[in-house]
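[1] Okay, predicted coordinates and the sequence, questions at the end:
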Amino acid sequence: MSETQPDIRKGLVGVVADVSAVSKVMPETNSLTYRGYPVQDLAENCSFEEVAYLLWNGELPNAGQLADFRREEAGQRALTPALLEVIRAFPRDAHPMDAIRTAVSFMGMEDPEAADTSEPATRRKAMRLLAKIPTAIAAAHRASKGLDAIAPDPSLTFAESFFHLVFGKVPQPEVVKAFDVSLTLYAEHGFNASTFTARTITSTGADLHGAVVGGIAALKGPLHGGANEAVMHMLAEIGEPARAVEWLQSRFDHRALVMGFGHRVYKNGDSRVPTMTRYAEKMAEVVGDRRWMEMSRLLAGEMLAKKNIHPNLDFPAGPAYHLMGFDIPLFTPIFVASRITGWSAHVIEQAADNRLIRPLSHYTGATQRSVPPMAERG
Ligand code: ACO
């Protein structure tokens, strides 16, 4: 008996899975809004803390609300001695995304409200994660180099604090602003793979830490957040602008993916790329090294001309982070430090109007048969 094949959307391409009021991705105009505000305007005019507040509350904060938000975040950055000890015990060569995934899982076991899935408790836990994730990323990174963790300084902004936790000092304001812009651009993007993972976990009634651990696991993949690291490895492999076009041709010859290009939703350009490229260019000026941006310009031009494929946010973010002085393994964890805001907003939204996420599959395995006794099995 033949069964008709249902309409299968592999990769859920084009499937509208639910409503959301957090952000709107508009591929027809290459634009993106968070709670109605264009992401490029937020990046230029607001701090990342204001954007985090917006994503969680639906409105931008006034001065008093922002001061309270900053105070609350800055006051909760410290890790417990137990977590610092666990981080020191991680294998030196552990992938930093595995390290932050494990650290967040441990934070869940320590959190007094871990199992409380009510909205007020989830909001308090989201704030604790926002505050502690950068400290854990930096502590794990420093431990992998045999260095002690740096105690957080609550007088610093979120962006300044990340530099301080990693390097022990805060760079010049242009560098901090470029980093802050990248955090805003990475904060939220609709039903991407990691956010949808977090929503799926939430839909079972599981808690925020579980959803975020799942989100981090999904983000690590090179087709998603892991691409910002892959971009910088690619640029380092190319080495100099004169080799860019020839190198790209060899990728085309092998039908290989070029990291930092293409997007499931945007087919005519990623709304976040122009802003991030401008700030990456500024970093090249500050550092006095134009090589990476020149290579990027050549690769982007050639990809467009030959394949009609545009760069995504990871393409300018990779060299920007390198020029800011970060080691490549920190790039995707930085994405985590930002996206915790979007994930939490979606977890709150999913839980507020929940229905278990449980799609169907079309079975293509063996036809029904009876279990043979052991002696009759080949
Ligand atoms: N390099 C080379 N070819 C590509 C690339 C790329 N980066 N992206 C897409 N293509 C090709 C595909 O192979 C396909 O060719 P085909 O029709 O000959 O088979 C064609 O372009 C159309 O691609 P889609 O199938 O529509 O791409 P899809 O939506 O399935 O995948 C994805 C999107 C996963 C992002 C893909 O473009 C990719 O792997 N890019 C590289 C990884 C990357 O940069 N990821 C970051 C995503 S953005 C973010 O997480 C911030």
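    Sure, I can see it.
[2] Residue of the stretch 151-300 of the chain closest to the ligand, please.
    Gly262 (2.1 Å; C-beta to the nearest ligand atom). From N, CA and C alone the C-beta is placed, and that goes for glycine too.
[3] tell me the contacts of that residue?
    309-310, 312 (C-beta atoms under 8 Å, 6 or more residues apart in numbering).
[4] can you rerun that using 10 Å?
    When contacts are counted by C-beta atoms under 10 Å, 6 or more residues apart in numbering, Gly262 touches 223, 227, 270, 303, 307, 309-312.
[5] what's the residue most central in space within the chain in contact with, if anything?
    Closest residue to the average C-alpha location of the chain: Phe335 at 3.5 Å, with C-alpha atoms, centre = their mean. For Phe335, the contacting residues are 97, 182-183, 186-187, 194, 216, 219-220, 224-229, 313-314, 317, 321, by C-beta under 10 Å, 6+ apart.
[6] that older thread, ok, the contacts of Gly262 vs Thr33, which is closest?
    Asp270 (14.3 Å; C-beta to C-beta).
[7] Surely that closest one touches Leu32?
    Yes - between Asp270 and Leu32 there is a contact under C-beta atoms under 10 Å: 8.5 Å.
[8] Need the overlap of contacts for those two.
    Counting by C-beta under 10 Å, 6+ apart, the shared contacts of Asp270 and Leu32 are 25, 185, 189, 313.
[9] Can I get those in CSV including distance to Asp148 and secondary structure?
    Shown next, in CSV, are these (distance: C-beta to C-beta, whole Å; DSSP: H, G, I helix; E, B strand; the rest coil):
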residue, distance to Asp148, secondary structure
Val25, 42, strand
Leu185, 32, helix
His189, 35, coil
Leu313, 33, coil
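[10] Would you map the helices across the stretch 51-200 of the chain?
    63-74, 81-89, 96-110, 119-144, 158-167, 173-186, 193-203 (DSSP state H, counting those that start in this stretch).
[11] Hey, what's the angle from the shortest one to helix 96-110? Just curious.
    The one in question is helix 81-89. Relative orientation of helix 81-89 and helix 96-110, computed by axes from the mean of the first three to the mean of the last three C-alpha atoms, to 10 degrees: 160 degrees.
[12] what pLDDT, on average, does helix 81-89 get?
    Averaged across helix 81-89, the pLDDT comes to 98.
[13] likewise the last one?
    Confidence over helix 193-203, taken as the mean pLDDT, stands at 98.
[14] Which neighbouring elements make contact with that helix?
    Counting contacts by 3 or more C-beta pairs under 10 Å, 6 or more residues apart in numbering; DSSP states H and E, helix 193-203 is packed against helix 208-219, helix 331-352.
[15] and of the helices of the stretch 51-200 of the chain, who's closest to Tyr279?
    helix 173-186 (4.1 Å).
[16] Show me what the closest one is packed against.
    Packing partners of helix 173-186 (3+ C-beta pairs under 10 Å, 6+ apart): helix 39-45, helix 48-57, helix 158-167, helix 273-287, helix 314-324, helix 331-352.
[17] what's the spacing between the last one and its chain's center?
    By that I understand helix 331-352. Offset of helix 331-352 from its chain centre (C-alpha atoms, centre = their mean, to the nearest Å): 8 Å.
[18] Now it - C-alpha only, PDB.
    Extracted in PDB, the C-alpha atoms of helix 331-352 (Å, rounded to 0.1, in the frame of the first residue of the first chain):
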ATOM      1  CA  PHE A 331      34.300  34.800  19.200                       C
ATOM      2  CA  THR A 332      31.400  32.400  19.500                       C
ATOM      3  CA  PRO A 333      31.200  32.700  23.300                       C
ATOM      4  CA  ILE A 334      30.900  36.500  22.800                       C
ATOM      5  CA  PHE A 335      27.900  35.700  20.600                       C
ATOM      6  CA  VAL A 336      26.500  33.800  23.700                       C
ATOM      7  CA  ALA A 337      27.100  36.700  26.000                       C
ATOM      8  CA  SER A 338      24.900  38.800  23.700                       C
ATOM      9  CA  ARG A 339      22.300  36.300  22.500                       C
ATOM     10  CA  ILE A 340      21.400  35.400  26.100                       C
ATOM     11  CA  THR A 341      19.100  38.400  25.900                       C
ATOM     12  CA  GLY A 342      17.200  37.200  22.800                       C
ATOM     13  CA  TRP A 343      17.000  33.600  24.100                       C
ATOM     14  CA  SER A 344      15.600  34.800  27.500                       C
ATOM     15  CA  ALA A 345      13.000  37.100  25.800                       C
ATOM     16  CA  HIS A 346      11.900  34.100  23.700                       C
ATOM     17  CA  VAL A 347      11.800  31.700  26.700                       C
ATOM     18  CA  ILE A 348       9.500  34.200  28.500                       C
ATOM     19  CA  GLU A 349       7.300  34.600  25.400                       C
ATOM     20  CA  GLN A 350       7.100  30.900  24.800                       C
ATOM     21  CA  ALA A 351       6.200  30.100  28.400                       C
ATOM     22  CA  ALA A 352       3.600  32.800  28.600                       C
END
